[in-house]
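# what follows is a predicted protein model with its sequence.
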Amino acid sequence: MILSSLGLSLFAFLGAILSGATGVGGGILLLGGMTLFLPASIILPLHSVIQFVSNFSRMLMNRSGVKWRITRQFFLGIFFGALPGFWIVEKLQTQAYPIILGVAILVLTWMPKSNPLSRLLKIPGKFFFLGSINTFASIFVGATGPFVMPFFLREKLSKEELVATEASCQTLTHGIKIFVFSFAGFSYVQNGILLTAALIPTIAGTYVGKKILLKIPEKQFRITLKILLSLLAIRLLFF
């Protein structure tokens with residue numbers, strides 16, 4: 001238990017720094033680290049709580065940058081589009097899902113802004129549908145930040161607004177996941193020691209990440225984010 005707690009604390013801290021500085025990557029880093037020392041049956045439920053705290057603290061620390069028009073659409077999508085989103089994920093072959101997700105991330109990240117597909121990404125209410133699909137995809141794959149971030153990246157947002165708005169939407173996603181896992185019978189109380197070991201480093205890591213975010217020039221931030229998203233997509237495709 002001590003070893004597991006220390007390992008979880010370390011990956012929670014590092015993951016929160018990465019997400020705090022760029023908006024993505026921390027959830028996947030944490031998920032990968034958790035597989036090293038925790039049983040598979042508790043990884044996704046615990047990951048949901050840690051990511052909820054990570055995103056919520058990141059949203060609070062950057063709250064002036066949250067674009068609530070996007071968050072409201074995303075929120076409505078979680079509730080009103082939940083069943084269709086769940087049905088879509090259930091119908092996909094598990095072997096095909098990482099490939100589809102990886103290709104989508106690369107296309108959305110590097111696609112020129114002026115093209116026919118870009119016009120489709122400007123349809124009213126796209127974040128409503130994104131909220132629905134993302135929430136239920138997240139239940140099965142854990143970390144979907146790289147999937148949603150390209151959509152935010154194509155909006156006219158500053159780096160602070162990008163990180164804050166994505167965090168507000170993912171806070172809602174992970175909050176719903178906590179409820180779902182609780183409803184399915186998972187006991188968070190029985191895993192209280194592990195969670196306590198992870199949550200304080202998560203908040204500390206978010207604070208460090210925010211300091212890094214403020215020092216990164218806007219252009220460098222966007223290039224770094226695109227490279228990071230591409231590496232995460234390649235991981236899905238080939239590993």
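Happy to help now that I have it. Numbering: from 1, shown residues only.
# please report phi then psi for the residue positioned nearest the centre of the chain.
Closest residue to the average C-alpha location of the chain: Gly145 at 3.0 Å, with Cα atoms, centre = their mean. When quoted as degrees, to the nearest 10, the phi and psi of Gly145 stand at phi -50, psi -40.
# distance check, it against Phe128.
Applying Cβ to Cβ, to the nearest Å, the value for Gly145 to Phe128 is 19 Å. Using the backbone N, CA and C atoms, a C-beta is placed for each residue, glycine as well.
# then Ser168?
Separation of Ser168 from Phe128 (Cβ to Cβ): 15 Å.
# the two - which one has more neighbours?
Each of Ser168 and Phe128 has its neighbours counted (other Cβ atoms under 10 Å); Ser168 has more, 25 against 17.
# same for whatever helix or strand that one lives in, what does it pack against?
Taking DSSP states H and E as the definition, Ser168 sits inside helix 159-183. The contact analysis (3 or more Cβ pairs under 8 Å, 6 or more residues apart in numbering; DSSP states H and E) places helix 159-183 against helix 2-22, helix 40-61, helix 68-80, helix 126-141, helix 145-153, helix 192-215, helix 218-238.
# other residues contacting the longest one?
Applying Cβ atoms under 8 Å, 6 or more residues apart in numbering, the external contacts of helix 192-215 come out as 1, 4-6, 8-10, 12-22, 26, 38, 42, 46, 49-50, 53-54, 57-58, 61-62, 159-160, 163, 188, 221.
# how many neighbours does the residue nearest to Leu106 when sequence neighbours are not counted have?
Spatial nearest neighbour of Leu106, excluding adjacent residues (Cβ to Cβ, 6 or more residues apart in numbering): Ala233 at 4.7 Å. The tally of other residues near Ala233 (other Cβ under 10 Å) stands at 24.
# Ala233 reaches Gly145, doesn't it?
No. Taking contacts as Cβ atoms under 8 Å, Ala233 lies outside contact range of Gly145: 11.9 Å.
# the residue lying closest to Pro146 once chain neighbours are set aside: what's it in contact with?
In this structure, Pro146 finds its nearest non-sequential neighbour in Leu232, 4.4 Å apart by Cβ to Cβ, 6+ apart. Contacts for Leu232 (Cβ under 8 Å, 6+ apart) come out as Val24, Gly25, Ile28, Ile105, Pro146.
# now those in CSV, with secondary structure, pLDDT and neighbour count?
Converted to CSV, those look like this (DSSP: H, G, I helix; E, B strand; the rest coil; pLDDT from 0 to 100; neighbours: other Cβ atoms under 10 Å):
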residue, secondary structure, pLDDT, neighbour count
Val24, coil, 85, 28
Gly25, coil, 85, 23
Ile28, helix, 83, 21
Ile105, helix, 66, 23
Pro146, helix, 80, 26
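# mind checking the end-to-end distance for stretch 17-29?
11 Å (Cα to Cα, to the nearest Å).
# quick one: contacts of that stretch?
11, 14-16, 47, 51, 54-55, 58, 61, 142-146, 149, 152, 162-163, 166-167, 205-210, 212-213, 216, 221, 224-225, 228-229, 232, 235.
# ok, the residue nearest to the centre of the chain touching Glu166?
Yes. Between Gly145 and Glu166 there is a contact at 7.1 Å, judged by Cβ under 8 Å.
# so what's the residue count around Phe183?
Neighbours of Phe183 (other Cβ under 10 Å): 8.
# doesn't Gly33 make contact with Leu46?
No. Taking contacts as Cβ under 8 Å, Leu46 lies outside contact range of Gly33: 11.6 Å.
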